[in-house]
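Participant: using only what follows, build the 3D model:
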Amino acid sequence: MKTLYLYVSKKFLTIFFYTSVAFGFIVLISELFRELGFYMEKKTSVLVIAQHLLSNVPWWIIQVLPVSTLLALLFSLGDLAKKNEITAMKAAGINMWRIISLFLFWGIMIVAADLAAREFVIPKTTVFNERIKKEKIQKEEVKIQTQFKNLIVSLPNNTRLTVGNMDTKAKLMKDVIIEKYSEEFYIERLVLAAEGTWEDKTWILRNGVIREFDSDFWSEVYFKEYDSYINLSPSDFAFRKMRYETMNTRDFQKYINQLRMFGKTALKERIALHMRYASVFCHVIVMMIGIPFALGIGPRFGKILSFTLALAASFIYWGAQAVTQSLGENSILTPFMAAWLPNFIFFAIGIVLLARVKK
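Facilitator: Residues are numbered from 1 along each chain as shown. As a prediction, this is how the structure comes out:
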């Protein structure tokens, strides 16, 4: 069995490798022609063009991996069937689930590699790609917003921070208002200060007043210096729109929290974070769909028709991902369901199809 496993694995992985490289090369050439006018306008050197394009190759390959997985599966199993090797395996008493399990194993390995690339490789190459474009092609500096006016920030424990003017570079805020509300949304405490500075990992407010509210009365105390216990650093307020590919999961979650801190729903970003994990499992899903068609789930399906149906089912699956993502962005589905619903549906379909494979 070891020899058989190595033989089938080599056949699948060889086709998978060549199709991935071929698709990556096709995208590289198409991107070169698409951006050629831009490069000529900016008088970009050949070396910089090569750096800009090649740094994006890992991301392009990640995008075409599902198609490469499906084609490698269909071509490798189709070749085995064409040479009657599938029939020989069955005649030798080899259960087809051994071969199916082998392909699913490689599908899981591709999932792990895809996820690792998105987490550790793609953010670095994408950041490098953006820097090349900004600094060497467009010759622009990356601008980060450091000054804000009329800033409203949501804080834990039903607390809201309002700042008239903030300079994150100078670590200074002016015209500060901190409002603390009860669970019934009655105001409990109001802090007003002329300014605040970032010192020792907290914001120190100066020249202000604290007002405590009760159901029957309220009191106020003036202060020259007051520790707000707000631990958001100036860098937490420095905001810049970022591409999702430039962030690993930790940075992506921090980015989402920052958006929500500024009062934004970050709905698209939350869906994109769930999609990062849901989309990598498409390798296993397309295998579960493709294997039954490649092996022939019924005598009425010929090889060409089975191949076509497998491609059609896979593209319907990818189309369903786009539909549910759109439904999520329109608040019809939750971010989790928008990303994972197609996986749940087609995983169940895949199990049903695999159950019909003749062992």
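
Participant: the least confident helix or strand in the chain by mean pLDDT: what's the following helix or strand?
Facilitator: Within the chain, confidence by mean pLDDT, DSSP states H and E is lowest for helix 234-237 among all helices and strands, at a mean of 83. Using DSSP states H and E, the helix or strand that follows helix 234-237 in sequence is helix 249-261.

Participant: buried residues, that next one. List them.
Facilitator: Judged by neighbour count (16 or more other CB atoms under 10 Å), helix 249-261 contains these buried residues: 252, 255-256, 258-259, 261. No exception for glycine: its C-beta is placed from N, CA and C like everyone else's.

Participant: which other helices and strands contact that helix?
Facilitator: On a contact count with 3 or more CB pairs under 8 Å, 6 or more residues apart in numbering; DSSP states H and E, helix 249-261 meets strand 147-155, helix 267-278.

Participant: what's in contact with that helix?
Facilitator: 119, 123, 153-154, 232, 236, 239, 242, 244, 247, 266, 269-270, 272-273, 276 (CB atoms under 8 Å, 6 or more residues apart in numbering).

Participant: quick one: least confident of these?
Facilitator: Lowest pLDDT among the contacts of helix 249-261: residue 239, with 69.

Participant: how near is residue 234 to residue 155?
Facilitator: With distances taken as CB to CB, to the nearest Å, residue 234 is found 16 Å from residue 155.

Participant: dump the residue contacts of the nearest residue to residue 276 once chain neighbours are set aside.
Facilitator: Spatially, and ignoring its direct neighbours in sequence, residue 276 is nearest to residue 118 (6.1 Å; CB to CB, 6 or more residues apart in numbering). Neighbouring residues of residue 118 by CB under 8 Å, 6+ apart: 62, 276, 280.

Participant: now residue 332
Facilitator: Counting by CB under 8 Å, 6+ apart, residue 332 has no contacts.

Participant: just to be sure, it is in a strand?
Facilitator: No - checked against DSSP: H, G, I helix; E, B strand; the rest coil, residue 332 lies outside a strand; its state is coil.

Participant: ramachandran coordinates for it?
Facilitator: phi -80, psi -40 (degrees, to the nearest 10).

Participant: in the stretch 251-359 of the chain, which spans are helices?
Facilitator: 267-278, 282-295, 303-329, 335-355 (DSSP state H, counting those that start in this stretch).

Participant: thinking again about what came up before, show me how to select, in PyMOL, the buried members of the contacts of helix 249-261.
Facilitator: Remark: buried members of the contacts of helix 249-261, expressed as a PyMOL selection using 16+ other CB under 10 Å:
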select buried, resi 123+153+232+239+242+244+247+266+269+270+272+273+276
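
Participant: which regions of this protein lie under the pLDDT threshold?
Facilitator: Scanning the chain for pLDDT under 70 picks out 141-143, 239, 296-303, 359.

Participant: mind naming the longest helix for it?
Facilitator: As assigned by DSSP state H, the longest helix anywhere in the chain is helix 2-41.

Participant: what's around residue 149, how many residues?
Facilitator: By other CB atoms under 10 Å, 9 other residues sit near residue 149.

Participant: how about it: what's its closest non-neighbour residue?
Facilitator: Distances taken as CB to CB, 6+ apart put residue 165 closest to residue 149, at 5.7 Å, once the chain neighbours are dropped.

Participant: what residues does that neighbour make contact with?
Facilitator: 147-149, 173-175.

Participant: now do the SS call for residue 225.
Facilitator: strand.

Participant: show me the contacts for it.
Facilitator: Residue 225 is in contact with 204-206, counting by CB under 8 Å, 6+ apart.

Participant: three-state assignment of the residue nearest to residue 149?
Facilitator: strand.

Participant: quickly list what it is bridged to.
Facilitator: residue 149, residue 174 (DSSP bridges).

Participant: and for residue 210?
Facilitator: Beta-bridge partners, per DSSP bridges, of residue 210: residue 191, residue 221.

Participant: what does residue 227 give?
Facilitator: residue 204.

Participant: how close does it sit to residue 235?
Facilitator: Noted for residue 227: a distance of 20 Å to residue 235, by CB to CB.

Participant: and if you look at residue 84?
Facilitator: The value you get for residue 84 to residue 235, if CB to CB is used, is 65 Å.

Participant: so for the two, which sits in the more crowded spot?
Facilitator: Set side by side, residue 84 and residue 235 show more neighbours around residue 235, with 13 against 10, by other CB under 10 Å.

Participant: hmm, residue 169 and the more buried one touching each other?
Facilitator: No - contact criterion CB atoms under 8 Å: residue 235 and residue 169 do not qualify, at 10.1 Å.

Participant: circling back to that earlier point, can you redo the helices of the stretch 251-359 of the chain as TSV with distance to residue 38?
Facilitator: Formatted as TSV, those follow (distance: least, CB to CB, whole Å):
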stretch	distance to residue 38
helix 267-278	26
helix 282-295	32
helix 303-329	28
helix 335-355	33
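
Participant: buried set for stretch 176-183?
Facilitator: 176, 178-180.

Participant: circling back to that earlier point, and the least confident helix or strand of the chain, what does it pack against?
Facilitator: strand 147-155.

Participant: how far does the strand it packs on sit from the chain's center?
Facilitator: Here the centre of strand 147-155 is set off from its chain's centre by 27 Å, with CA atoms, centre = their mean, to the nearest Å.
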